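# What follows is a predicted structure for the sequence shown.
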Amino acid sequence: MGLTLNAVSSEASGQEDIYSPRWGLARSDPSQRRLTALHTDVQLVLIPVAVTDPLQRPVLDLPKENFRIFDDGIEQKISAFFLEEAPVSVGMVFDASNSMRKKIGDSRQALTQFLHMSTPGDEFSLWKFSDRPQKVCPFTTDPAEIEGGLADIQPGGWTSLFDALYLALSQMKRATRGTKALFVLSDGGDNNSRYTEGEIRNMVREVDVRVFSISIFDHSPVLERISDESGGRFYRVHKLDELPAMTAKLSGEIHSHYVLGYLPTKPQNDGKYHKVVVKLVPPPRSPRLQVAWRRGYYALSH
């Protein structure tokens with residue numbers, strides 16, 4: 001997300017309001033959201049944050065007081081806080097290279113399970129990649145269309161992961177849902193792309209898309225870095241029979257996350273990239289919790 005939006009904080013009334021073209025006016029209690037029109041000239045930064053427990057299950061009952069947020073090292077006052085649970089746009093990026101030959105069946109089933117866990121209003125697209133990336137199915141709200149495309153994918157060739165990410169991220173501009181994510185399923189790195197990791201990470205900084213990736217068997221530092229940068233999550237499975245459970249966890253995290261909003265203490269109108277750090281103050285006697293957030297944003301330029 002990492003958005004900068006026109007905003008207002010009504011502290012005098014004891015309520016915290018934000019305005020966004022996506023949500024309209026949203027109070028810190030999501031049940032009280034309503035649409036309205038506001039005209040303000042203050043930039044609100046919105047950062048998506050996901051919290052999971054040691055079993056990688058989403059933790060969705062934390063209050064605002066458990067979060068601290070820093071903009072370029074300076075702590076900010078959280079002026080908007082809510083749980084985002086809404087239909088999502090998911091671009092599915094599927095590795096169809098030769099190294100996936102013995103994993104293709106289980107991988108198809110994992111994506112099919114993900115589709116079956118969708119909520120009303122979700123939309124999906126599908127890309128495959130081997131020697132080069134190829135769009136299999138444009139955005140659709142019918143999971144059966146994606147399943148049909150998956151059934152036709154046959155493995156073979158090299159791995160153009162970065163090129164696939166570039167094209168899939170570009171396609172996300174056509175997504176119509178407020179929450180946008182990529183779901184990448186692969187078994188390794190890249191050996192046939194024109195684009196580089198650095199170019200993809202820079203692109204991730206500029207778009208409002210979280211990247212969630214599952215690496216099969218091998219640890220993929222590249223996918224981990226890209227996922228972390230976007231505020232998404234990287235998962236690794238050591239055995240194919242772990243894929244269903246991991247896919248279920250990923251679906252839960254894509255569909256539910258916190259949004260922290262703040263008005264920077266120093267107005268940011270420089271068009272530059274600003275780093276964001278989120279820290280969690282864990283509740284007493286809670287297990288060790290993991291936090292993922294979008295690592296920064298580009299300020300507007302006036």
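It's in.

# Could you give the bridge partners of the most centrally placed residue in the chain?
Residue closest to the average C-alpha location in the chain (C-alpha atoms, centre = their mean): residue 210, at 2.1 Å. Residue 210 has these beta-bridge partners by DSSP bridges: residue 181.

# and it, what does it touch?
1, 48, 180-182, 230-232, 254, 294 (C-beta atoms under 8 Å, 6 or more residues apart in numbering). From N, CA and C alone the C-beta is placed, and that goes for glycine too.

# same thing with residue 266?
When contacts are counted by C-beta under 8 Å, 6+ apart, residue 266 touches residue 74.

# On the three-state scheme, it is what?
coil (DSSP: H, G, I helix; E, B strand; the rest coil).

# Kindly report the same for residue 292.
Applying three-state DSSP: residue 292 is strand.

# Residue 248 now?
Per three-state DSSP, residue 248 ends up helix.

# what about it, neighbour count?
Neighbour count for residue 248, taken as other C-beta atoms under 10 Å: 16.

# Then residue 157?
Neighbourhood size, residue 157 [other C-beta under 10 Å]: 14.

# Nearest spatial neighbour of it, chain-adjacent residues omitted?
Spatial nearest neighbour of residue 157, excluding adjacent residues (C-beta to C-beta, 6 or more residues apart in numbering): residue 130 at 3.5 Å.

# How about residue 121?
In space, and not counting its chain neighbours, residue 121 is closest to residue 87: 3.1 Å by C-beta to C-beta, 6+ apart.

# which residues touch that neighbour?
Residues near residue 87 by C-beta under 8 Å, 6+ apart: 119-123, 177-179.

# Also residue 68?
Shown in contact with residue 68 (C-beta under 8 Å, 6+ apart): 75, 278-281.

# again with residue 189
Going by C-beta under 8 Å, 6+ apart, residue 189 touches 159, 161, 220, 222.

# What is the burial count for the first one?
Burial measure for residue 159: 24 neighbouring residues, criterion other C-beta under 10 Å.

# Okay, the residue lying closest to it once chain neighbours are set aside and residue 195: tell me how far apart.
Closest residue in space to residue 159, ignoring its immediate chain neighbours: residue 97 at 4.3 Å, by C-beta to C-beta, 6+ apart. Distance of residue 97 to residue 195, given as C-beta to C-beta, to the nearest Å: 16 Å.

# Kindly report the same for residue 83.
35 Å.

# And for residue 157?
17 Å.

# Equivalent analysis for residue 131, please.
Residue 131 is 14 Å from residue 195, by C-beta to C-beta.

# end to end, how far does stretch 280-297 reach?
Stretch 280-297 has its terminal residues 20 Å apart, counting by C-alpha to C-alpha, to the nearest Å.

# Quick check: buried residues in it?
280, 292-297 (16 or more other C-beta atoms under 10 Å).

# How about residues contacting that stretch?
By C-beta under 8 Å, 6+ apart, stretch 280-297 touches 1-4, 45, 47-54, 56, 59, 62, 65-68, 205, 210, 228-233, 260, 273-276, 278-279.

# doesn't residue 136 make contact with residue 153?
Yes - the pair residue 153 and residue 136 qualifies as a contact (C-beta atoms under 8 Å) at a distance of 7.0 Å.

# list the residues that contact both of these two?
In contact with both residue 153 and residue 136: 94, 128, using C-beta under 8 Å, 6+ apart.

# Domains in the protein, by residue range?
Taking automatic domain parsing as the domain assignment, the ranges for the chain are 3-83+257-298, 88-255.
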